[in-house]
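Q: missing the sequence, but the structure's below:
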Ligand SMILES: Cc1cc2nc3c(=O)[nH]c(=O)nc-3n(C[C@H](O)[C@H](O)[C@H](O)COP(=O)(O)OP(=O)(O)OC[C@H]3O[C@@H](n4cnc5c(N)ncnc54)[C@H](O)[C@@H]3O)c2cc1C
């Protein structure tokens, strides 16, 4: 069975490895010239020195552990090396078509025709779309476009503003990237860092003390486990609470827009 896989990020690589092991013939189409998707050093969207937000015990393929001396929270460059080793270990390179962008998929009566931007096309029995969900940065336009002294970048381009020494920086967005970039800017000498988030943000260290044992453990051991999921499902808010939360949040945003 011929399988087309779109994307050579972690999802595409693991899909190809599993397909090959099950006796299928995978072909991985990757529009960039490197593997790793978001983690690629050449074409990715993470910055140098960025650490994983999950420990090496969780942020790994189940059949391919990190090297024994890997740091607990590896850096983005280590993840890229890890993904390259994964390709080597499972001989995935022979399935790769780098620099080939899929532009459309046609459904046939007995399969799929995968069309590429370079006008080539090939027929497959099945297609797996592993094109990622964080690969298109969204950067709103500044209101005063002719304001040349203000540098305006997306988090995936943060290394473009490495010289922040003595400057004031505003970070917009309150999830993992926003928090980590705020810290990075302070380390790089920014005089002030304003952190803007549209919701309450918990800033939690990567390592926490486990109350039951007193040992330091990575945060994913505490939060990302089946038991927590079932507790979360059990404690899911009632529909009326959800509705009121939705309403009040949007009223607050509307009020804020009118004021600004
Ligand atoms: C800043 C940031 C930090 C993160 N940190 C972590 C972390 O610490 N731990 C963790 O587990 N996850 C983290 N994530 C989540 C991350 O999405 C996953 O780790 C992982 O990269 C998802 O893999 P993927 O293969 O689904 O997608 P991607 O890594 O995005 O790969 C998709 C690939 O598909 C290719 N592609 C897209 N369209 C086409 C096309 N038409 N034709 C050919 N190729 C195409 C792209 O070029 C890309 O190479 C983070 C995400 C971000 C944005």
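A: In hand now; what should we look at? Note that the structure is predicted; figures quoted are calculated from it, not measured.
Q: and the stretch 101-250 of the chain, which of its residues are near the ligand?
A: 101-102, 130-132, 134-135, 176-177 (Cβ under 6 Å from any ligand atom). C-beta coordinates here come from the backbone N, C-alpha and C atoms, glycine included.
Q: Make sure residue 14 is indeed in a helix.
A: Yes - assessed with DSSP: H, G, I helix; E, B strand; the rest coil, residue 14 lies in a helix.
Q: about what we covered before: in the residues of the stretch 101-250 of the chain next to the ligand, which has the lowest confidence score?
A: Lowest in pLDDT among these is residue 135, which has 79.
Q: For the residues of the stretch 101-250 of the chain next to the ligand, give me CSV that also has secondary structure and neighbour count.
A: Shown next, in CSV, are these (DSSP: H, G, I helix; E, B strand; the rest coil; neighbours: other Cβ atoms under 10 Å):
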residue, secondary structure, neighbour count
101, coil, 14
102, strand, 21
130, coil, 20
131, coil, 18
132, coil, 16
134, coil, 12
135, coil, 16
176, helix, 12
177, helix, 21
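Q: ok, the residue in the stretch 51-200 of the chain positioned nearest to the ligand - contacts?
A: Closest residue of the stretch 51-200 of the chain to the ligand, Cβ to the nearest ligand atom: residue 132 (2.2 Å). By Cβ atoms under 8 Å, 6 or more residues apart in numbering, the contact set of residue 132 is 7, 9, 11, 37-38.
Q: quick revisit: let me have the residues of the stretch 101-250 of the chain next to the ligand in TSV, adding distance to residue 167 as columns.
A: Conversion of those to TSV gives the following (distance: Cβ to Cβ, whole Å):
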residue	distance to residue 167
101	37
102	41
130	39
131	36
132	32
134	27
135	29
176	23
177	19
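Q: element containing residue 256, please.
A: Using DSSP states H and E, residue 256 sits in helix 239-259.
Q: Select the helix or strand of the chain having the lowest average pLDDT value.
A: helix 226-234 (a mean of 53; mean pLDDT, DSSP states H and E).
Q: about what we covered before: tell me the mean pLDDT over the helix holding residue 256?
A: Rounded mean pLDDT across helix 239-259 is 76.
Q: swap in stretch 34-49?
A: 90.
Q: Distance from the chain centre to it, please.
A: 10 Å (Cα atoms, centre = their mean, to the nearest Å).
Q: And for stretch 199-210?
A: 19 Å.
Q: Distance of the residue of the stretch 51-200 of the chain closest to the ligand relative to residue 30?
A: Distance of residue 132 to residue 30, computed by Cβ to Cβ, to the nearest Å: 11 Å.
Q: Residue 44 too?
A: Residue 44 sits 12 Å away from residue 30, going by Cβ to Cβ.
Q: Cheers, nothing more for now.
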